[in-house]
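Asker: sequence unknown, structure follows:
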């Protein structure tokens, strides 16, 4: 069966360090992968999209990599700040369906 | 201006009741969605709807029905509420449905439904 796996345990890091979150998938052939941020009591907010033929994407302090051989995406936040504390969700979309499927997310806590 | 709005924010009701959640988007998008986020934080698609097609997740009970008076609105009606329906429900929208399109989702703030 298809699975999207994100660490269920929270990631705790110190301010200024780079946070790295992982999204692994099985039995998918994604055309693209998205990352969202969700704050408590709010809806997810889109951050970045990376297509299957792209290896890396950057936006300000954010970087996403996509390795279709390893079936993995890494999401990096450099120079992390307490305001980056949130849950980060990855979502995969296949070419045959326009609706992305979401992972359960990983909570990031950045300590001052 | 709020892009995707939902009402109410909180909904507490008794088992067996019928309730509706309203959703409106002012982004001019053609496709709207309803998602359910359970206590384990999984965000699962329930419905996808544009003016031509309704796609229903086969796991959604038929007590749930989407109703769209126009392109900017997609309401969720729930009949005979059950305890297991307690969750946060998110409305979302995206640009026109295209095969192979990348469909950034714009989410509403969510409605926390509690069934007693």
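Answerer: Nice, I can see it. This one's a predicted model, so the numbers in the text were calculated from it and none came from an experiment. Numbers count the residues shown, from 1 in each chain, chains lettered A, B, ... in the order given.
Asker: close to chain B: what parts of chain A are there?
Answerer: Along chain A, the residues adjacent to chain B under the rule CB under 8 Å from any CB of the partner chain are A:31-32, A:34, A:36, A:41-46, A:49, A:51, A:87, A:89, A:91, A:93, A:95-96, A:98-102, A:104-105. The way it works is simple: take the backbone N, C-alpha and C, and place the C-beta from them, glycine included.
Asker: now the residues you listed: which count as buried?
Answerer: For these, a burial check counting by 16 or more other CB atoms under 10 Å in any protein chain shown picks out A:31-32, A:34, A:36, A:43-44, A:46, A:49, A:87, A:89, A:91, A:93, A:98-102, A:104-105.
Asker: distance of residue A:5 relative to chain B?
Answerer: Residue A:5 sits 12 Å away from chain B when distances are taken as CB to the nearest CB, to the nearest Å.
Asker: what helix or strand is that residue on?
Answerer: Taking DSSP states H and E as the definition, one finds residue A:5 inside strand A:3-6.
Asker: now chain A, which segments are flagged as low pLDDT?
Answerer: Residue ranges of chain A with pLDDT under 70: A:95-97.
Asker: residue in it nearest to chain B?
Answerer: Across chain A, the shortest distance to chain B (CB to the nearest CB) belongs to residue A:43, at 3.1 Å.
Asker: tell me the secondary structure for that residue?
Answerer: The assignment at residue A:43 comes out as coil when based on DSSP: H, G, I helix; E, B strand; the rest coil.
Asker: if I pick it, what's in contact with it?
Answerer: Contacts for residue A:43 (CB atoms under 8 Å, 6 or more residues apart in numbering or on different chains) come out as B:4, B:90, B:92, B:107, B:108, B:109, B:110.
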